[in-house]
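Engineer: got a structure for you, letters missing:
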DNA sequence: AACGAATTATGATTTTGGTCATATTTCGTT
DNA sequence: AACGAAATATGACCAAAATCATAATTCGTT
């Protein structure tokens, strides 16, 4: 089992602000786990009794709406912390976390880390900064949802996936999302997402290799209205 | 000028976690100000060099979208802190704050409070909790925007305004929002908001006294689909 | 009380996106 | 290589909401 104090991934999140001693203690009680694609890390309404540090892979955070659809509110990637919101607010999770590809995550029990959050100001300020950033992102999504067309939101999602996760050797997006996932990010019907993607293909903005998507004209996508 | 350490409003926000000494220091440098209805407290893209503690009144936090519409992402009320997100993340504000009714606010300069945030773990944990709550609310709004109809969102907004701010003696909503404000909360065209409200009136869910709105059947509003 | 700008209201029309039905393709499994 | 379930694609139709135009009203000002 690897040691937190030597783990490179913590540089990407607030855990870097913990002291050596705190890290050693956390390291001794953390639980490393592999999560297979499609597996639920935690579910809506579930008490998340700690935080997950994502070492490998990505997952989606989504919320079931009244009409039975899953709305994806955030994609979490390698280096991010997961579940810290619920832990801080002492509430059950309002979101579900599901692996989009195979993942390696380390679970740190709340009992071990909550004390650090309440006594190490550098750490809690760092978490605060991260949360502030997430809140800003959420505000932006609200505005996009309210004011932009499905076409535009989908174009932006493709660019986001491209820029955040990169491409395979054949230039297809390295993260393979289903059309349903795209629809759930954008907040539209699966058929509508498929239709818009088909149109993008006709307009030579993207091309398809099987189910995979390749961006052909990223500037064109940016201009979509 | 009133003193923070004796101010009752701080009970409603994170400032209650400051020590007596910290409060005395802050009190001596805070700036009390009156903000008239319609006035901008801070604007999008502006550096907010501190936090505002809302003593009286309410304001809207909105963001201008590419198509020129203002999307309201949050209504801030008496007792809330304003602008702390930008302060924490050291970024310019992504939102504009405009008074919806006359307000009394106290401005606390960043230089005075940032140090407390970085050294008083109880305070920063409290701010963290508040931010976590805001983030959860934002997630909920994203889901509502994506999955619910304008009718439903507007019904929920009316209930929210009713429950959060109460009613006048004639039972009309005590916060007078323009139809445009309602449209900007819900994320729709002003005409659409007006149309839906007219329909609510026909359906005897609400009634109108001039521009003011009176909820006649709150249970009916809750059932709107 | 009358005026007038701003707000609210409503109608007509178009556009966007949702829904349901039905192909077609993809890709893992045999 | 063939099979079949799941995913993707497409068509037809419908509903929701946007847009543009035009009235009607509210409410502060004179």
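Structural biologist: Looks like it came in fine. Quantities reported herein were computed from a predicted structural model and do not represent experimental measurements.
Engineer: Verify the stated contact: residue A:41 with residue A:35.
Structural biologist: Yes. Counting by Cβ atoms under 8 Å, residue A:41 does reach residue A:35; the two are 5.9 Å apart. The C-beta positions use only the backbone N, C-alpha and C, and glycine is treated the same way.
Engineer: Pull up the overlap in contacts between these two.
Structural biologist: Common neighbours of residue A:41 and residue A:35, using Cβ atoms under 8 Å, 6 or more residues apart in numbering or on different chains, are A:59, A:99, A:103, A:105.
Engineer: Now, the residues you listed that are in strands?
Structural biologist: Of those, the ones assigned to strands by DSSP state E are A:59, A:99, A:103, A:105.
Engineer: Count the neighbours of residue A:101 for me.
Structural biologist: By other Cβ atoms under 10 Å in any protein chain shown, 17 other residues sit near residue A:101.
Engineer: ok, so what distance separates it from DNA strand D?
Structural biologist: Distance, residue A:101 to DNA strand D, using Cβ to the nearest atom of the strand, to the nearest Å: 14 Å.
Engineer: The lowest-mean-pLDDT helix or strand in chain A and chain B in contact?
Structural biologist: Lowest mean confidence among the helices and strands of chain A (mean pLDDT, DSSP states H and E): helix A:84-89, at a mean of 90. Yes. Using Cβ under 8 Å from any Cβ of the partner chain, helix A:84-89 comes into contact with chain B via A:85, A:88-89.
Engineer: Serialize those residues to JSON lines and add fields for neighbour count and distance to DNA strand C.
Structural biologist: Shown next, in JSON lines, are the residues of helix A:84-89 next to chain B (neighbours: other Cβ atoms under 10 Å in any protein chain shown; distance: Cβ to the nearest atom of the strand, whole Å):
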{"residue": "A:85", "neighbour count": "25", "distance to DNA strand C": "27"}
{"residue": "A:88", "neighbour count": "24", "distance to DNA strand C": "33"}
{"residue": "A:89", "neighbour count": "19", "distance to DNA strand C": "31"}
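Engineer: Going by distance to residue A:172, which of the residues you listed wins?
Structural biologist: In terms of Cβ to Cβ, no member of those lies closer to residue A:172 than residue A:85, at 32.8 Å.
Engineer: if I pick the residue nearest to that closest one when sequence neighbours are not counted, what's in contact with it?
Structural biologist: The spatially closest residue to residue A:85, leaving aside those adjacent along the chain, is residue B:132, at 4.9 Å (Cβ to Cβ, 6 or more residues apart in numbering or on different chains). Residue B:132 is in contact with A:85, A:88-89, A:131, counting by Cβ under 8 Å, 6+ apart.
Engineer: Give me the contacts around the least confident helix or strand of chain A.
Structural biologist: Applying Cβ under 8 Å, 6+ apart, the contact partners of helix A:84-89 are A:47-51, A:92-94, A:110, A:113-114, A:117, A:127, A:130-131, A:134, B:125, B:128-129, B:132-133, B:135-136.
Engineer: That one: how far from the chain's middle?
Structural biologist: Relative to its parent chain, helix A:84-89 has a centroid offset of 16 Å by Cα atoms, centre = their mean, to the nearest Å.
Engineer: again, but for stretch A:66-86
Structural biologist: For stretch A:66-86, the distance to the chain centre is 6 Å (Cα atoms, centre = their mean).
Engineer: Any part of it near DNA strand D?
Structural biologist: No. Stretch A:66-86 lies apart from DNA strand D when judged by Cβ under 7 Å from any atom of the strand; the minimum separation is 12.1 Å.
Engineer: so how far does that stretch reach from one end to the other?
Structural biologist: 21 Å (Cα to Cα, to the nearest Å).
Engineer: do the same with stretch A:3-10
Structural biologist: 11 Å.
Engineer: tell me the domain ranges of chain A?
Structural biologist: For chain A, the TED database gives the domain ranges A:4-120, A:148-223.
Engineer: and the shortest one, how far apart are its ends?
Structural biologist: So that's domain A:148-223. End-to-end distance for domain A:148-223: 13 Å, by Cα to Cα.
Engineer: Then the longest one?
Structural biologist: In terms of Cα to Cα, the two terminal residues of domain A:4-120 are separated by 17 Å.
Engineer: anything in the longest helix belonging to chain A near DNA strand D?
Structural biologist: What stands out as the longest helix in chain A, according to DSSP state H, is helix A:121-147. No. In terms of Cβ under 7 Å from any atom of the strand, no part of helix A:121-147 sits within range of DNA strand D; the closest distance is 8.1 Å.
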